[in-house]
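A.B. asks: Give me a model of this one.
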Amino acid sequence: MPSNQDFTMKISVGKTTLPEYENNGVCYVESNFFTPYSYVVRSEDEGAGESQNCPVTPYQIILTPQTSSDEHYYRIIVDGYHVKSCSARPGQTRSIKGFREFQATREFLFSLPNFNFDQAEVTCDRQLKNTGTITVECYNARKVKVAKTVRDKPLNYSQASKKDCSKMTGGKFLMSTTKVGKVIKIKQKFKSTDFWQRESSPRSCLTVKYATADTLGDLGFTVIPITFPNKKANSSILCSLSALAPRNISNAENTSEKTAMRSEKNTSISQKDRDSSMHPAADEITLITPKIEVDSQSHVNCLQNNDIIVID
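C.D. replies: This is a model prediction of the structure:
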């Protein structure tokens, strides 16, 4: 797992840590859309009157400070968006499972890009250039005070669109992005918040990039099959990715079909399950795509669990 003198980090689906691949100092994990935890989301654009079924996979970020390190302050960043900050004692494991939206925690989801190719430009440059990355920064910091605050922070995250990803890749391959998922936890409205004074620059940093199996293969990696013990596969996700992937990106269709073929080869399912997967019902979730603005004050947040506000 990625590590430095201060902490280690890993990405997991369910309780399974994803295999890691390293090339020239860059660490990658697979954004697999065909795990037993995956499901299908139906995204709709009310203005355009369009919709799309998209396979997604919930994931979480695991942070563990080294036992020999001091207590530090950490910032977790997904696709360029500051998700959370927390302090952690040596050897203490912190699990970050999703985005904050007022009192709610909403899943991190591996996903295809936002389907609306013609959407307005809402993804800022900072997020755009960091699409497909998960970063944890470690800072020297000093706790100033503890006070009671309100969980009133909206979610201003913008998932990268097909147009965004096409700009980054030149249409050469299909990117994975992170989508906002279901509400998995509701917290009380009021909280105890730590106020910290941190240094302007991190003392250390770790970044993991996530990509489809085909992209990893194109990078020269031999993709390791992921084993999920004691978990039955969700048959509704075992449909052909080629029917769901965006087709406005060059080579996307071939990439999607290869991914689906690999999944069907490694997963034993009945013909009945395969047929029913083309008509997902019970596992389907409808999301309305809102027009949102990017938070320009991502360095100041009231945070869940060991809540922290940074005083720059």
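A.B. asks: quick one, what contacts the closest residue to M1 other than its chain neighbours?
C.D. replies: Using CB to CB, 6 or more residues apart in numbering and skipping residues adjacent in sequence, the residue nearest M1 is K10, 4.4 Å away. Using the backbone N, CA and C atoms, a C-beta is placed for each residue, glycine as well. Under the criterion of CB atoms under 8 Å, 6 or more residues apart in numbering, the neighbours of K10 are M1, P2, T17, L18, E20, I61, I62.
A.B. asks: Which two among those are spaced furthest apart?
C.D. replies: Greatest spatial distance among these (CB to CB): E20 and I61, at 13.4 Å.
A.B. asks: the more surrounded of the two?
C.D. replies: Here E20 and I61 are compared on neighbour count by other CB atoms under 10 Å; more neighbours surround I61, at 23 against 15.
A.B. asks: Quick one, grab the pLDDT at the more buried one.
C.D. replies: Predicted confidence (pLDDT) for I61: 98.
A.B. asks: In three-state terms, label C165 for me.
C.D. replies: For C165, the reduced secondary structure class is helix; criterion used: DSSP: H, G, I helix; E, B strand; the rest coil.
A.B. asks: Could you double-check that it lies in contact with M175?
C.D. replies: Yes. Proximity of C165 to M175 meets the contact threshold set by CB atoms under 8 Å, at 4.2 Å.
A.B. asks: Now for these two: what residues contact both?
C.D. replies: Taking CB under 8 Å, 6+ apart as the criterion, C165 and M175 both touch P113, T131.
A.B. asks: Sketch out the helices for this protein, chain order is fine.
C.D. replies: In the chain, the helices defined using DSSP state H lie at 125-129, 162-169, 213-218, 252-266, 271-277.
A.B. asks: looking at those helices, which has the lowest confidence?
C.D. replies: helix 271-277 - the lowest mean pLDDT of these, at a mean of 40.
A.B. asks: okay, and the helix or strand of the chain with the least pLDDT?
C.D. replies: Sorted by mean pLDDT, DSSP states H and E, the helices and strands of the chain end with strand 285-288, the least confident at a mean of 33.
A.B. asks: Relative to Y59, how far out is the residue nearest to M1?
C.D. replies: K10 sits 10 Å away from Y59, going by CB to CB, to the nearest Å.
A.B. asks: which residues do those two both contact?
C.D. replies: Taking CB under 8 Å, 6+ apart as the contact definition, K10 and Y59 share the neighbouring residues L18.
A.B. asks: Just list the residues touching E20, thanks.
C.D. replies: Residues counted as contacts of E20 (CB under 8 Å, 6+ apart) are M1, P2, K10, C27, Y28, V29, V208.
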